[in-house]
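Participant: dropping a prediction and its sequence here:
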Amino acid sequence: MSDKKVAPIKPSEVMVLKEQSFPPEVLEAFNELIAKEFSDGQALVMQEDVVKLIVKKGIGRAKIFRNNWLDVEDVYRKAGWKVYFDSPGYNEDYEAGFKFSK
């Protein structure tokens, strides 16, 4: 048994740890697509486009979803973006995407 003391995570520490949990390829992919799609103060990044780009950068599709690496909203909000994620509900048929705005 270890003598190391462990304390519960504080709410103020969650964002730092969450941000550090993303592989660089994930945020690079989002950044590239935000820059590419940015127009009139906003960018619409489609979920499938970002997944394909992350896969192209060497991370498997299943690993992306298993680790919740598309849950970037709070990280980008911390960086100053307004972020809205929209996905189809039951009986709806459209592509999921992220809206980033200033």
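Facilitator: Ah, there it is. Numbers count the residues shown, from 1 in each chain.

Participant: longest helix in the chain, by residue count?
Facilitator: Longest helix in the chain, counting residues (DSSP state H): helix 24-37.

Participant: for that helix, what is the average pLDDT?
Facilitator: Average pLDDT, helix 24-37: 97.

Participant: what's around the residue nearest to Gly58 when sequence neighbours are not counted, how many residues?
Facilitator: Spatially, and ignoring its direct neighbours in sequence, Gly58 is nearest to Glu25 (6.5 Å; CB to CB, 6 or more residues apart in numbering). For every residue, glycine as well, the C-beta is placed using N, CA and C. Residues near Glu25, counting by other CB atoms under 10 Å, number 17.

Participant: again with Glu73
Facilitator: 15.

Participant: next one: the one 4 residues further on
Facilitator: Residue neighbour count, defined by other CB under 10 Å, stands at 13 for Arg77.

Participant: do the same with Glu37
Facilitator: 17.

Participant: was I right to think it contacts Val50?
Facilitator: No - the criterion here is CB atoms under 8 Å, and Glu37 misses it with Val50 at 10.5 Å.

Participant: return the residues in contact with the residue nearest to Gly58.
Facilitator: Taking CB atoms under 8 Å, 6 or more residues apart in numbering, we find Glu25 in contact with 54, 57-59.

Participant: what distance do you get for it to Lys57?
Facilitator: In this structure, Glu25 and Lys57 are 4 Å apart, going by CB to CB, to the nearest Å.

Participant: next helix or strand past the longest helix of the chain?
Facilitator: strand 42-46 (DSSP states H and E).

Participant: just the buried positions in that following strand, please.
Facilitator: Neighbour-count burial for strand 42-46 flags 43-45 (criterion: 16 or more other CB atoms under 10 Å).
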